[in-house]
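Student: Just a sequence and a predicted model for now, questions to come.
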Amino acid sequence: MAETHSAVAQQARPALQAGEREMLAGWLDHHRAILVWKCEGLSDEQLRQQAVPPSTLSLLGLVRHMTDVERGWFRQVFLGEDVPDLYGRPDYDDADFKDVDDVEPAEVFRAFEQECAATRKIVAAADDLNALSMQGSQRTGELFSLRWIVTHMIEEYARHNGHADLLRERLDGATGYF
């Protein structure tokens, strides 16, 4: 499992000068790598630990959540694919964060990498960042531009990476930024 984490965390920081698509994709990959990096070197038990009670957040739960978020925004909303969430369930709030005691972390990280790879292909294949989603907002019905989705994903990772910082520090005292 550590080898998978290291491969992602070794990625370079986003380019300082690049076109918009490369810049946004670079920042999205950067934030993905931070989440994986925050999980490196921990035991399976530590990855599962809900380190800030009463919150159900765990590092493994965050990775599961972001796997479903990637799948949801890029495959379900943008492409309109009829694929189910991997972890979330409509009848069980926050299922991606809960019930991680019997989950195999290596499988979770494989699924995360697969969804990230699918997302990279989707973003690269789109004509431009103005391309519109196949599914609209549940509230307004408006379609989302790919630019909006990628920017939202960067925000989503940034918020959850803050959670990951706190969880990791609580688990073993490790802090820092790569």
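Tutor: Received, thanks.

Student: do you know how far S133 is from Q46?
Tutor: 37 Å (CB to CB, to the nearest Å). Glycine gets a C-beta too; all of them are placed from N, C-alpha and C.

Student: Look through this protein and tell me its longest helix.
Tutor: As assigned by DSSP state H, the longest helix anywhere in the chain is helix 146-172.

Student: counting contacts, what elements does it pack onto?
Tutor: Where contact means 3 or more CB pairs under 8 Å, 6 or more residues apart in numbering; DSSP states H and E, helix 146-172 is packed against helix 20-39, helix 59-70, strand 132-136.

Student: so which of these is the most packed in?
Tutor: With neighbours defined as mean count of other CB atoms under 10 Å, the helices and strands packed on helix 146-172 peak in mean count at helix 59-70, which reaches a mean of 24.

Student: Quick one: mean pLDDT over the next helix or strand after it.
Tutor: Downstream of helix 59-70, the next assigned helix or strand under DSSP states H and E is helix 105-125. Mean pLDDT, computed over helix 105-125, is 98.

Student: Where does pLDDT dip in this structure?
Tutor: 1-12, 178 (pLDDT under 70).

Student: Nearest the geometric middle of it, what residue?
Tutor: M66 (3.1 Å; CA atoms, centre = their mean).

Student: Verify the contact between W73 and I149 for me.
Tutor: Yes: W73 is within contact range of I149, at 5.1 Å (criterion: CB atoms under 8 Å).

Student: Now for the residue lying closest to Y157 once chain neighbours are set aside: which residues touch it?
Tutor: Counting by CB to CB, 6 or more residues apart in numbering, Y157 lies nearest to H31, which is 3.4 Å off, once chain neighbours are set aside. With contacts defined as CB atoms under 8 Å, 6 or more residues apart in numbering, H31 is in contact with 154, 157-158, 161.

Student: Farthest pair within those residues?
Tutor: Within the contacts of H31, I154 and N161 form the most distant pair, 10.3 Å apart (CB to CB).
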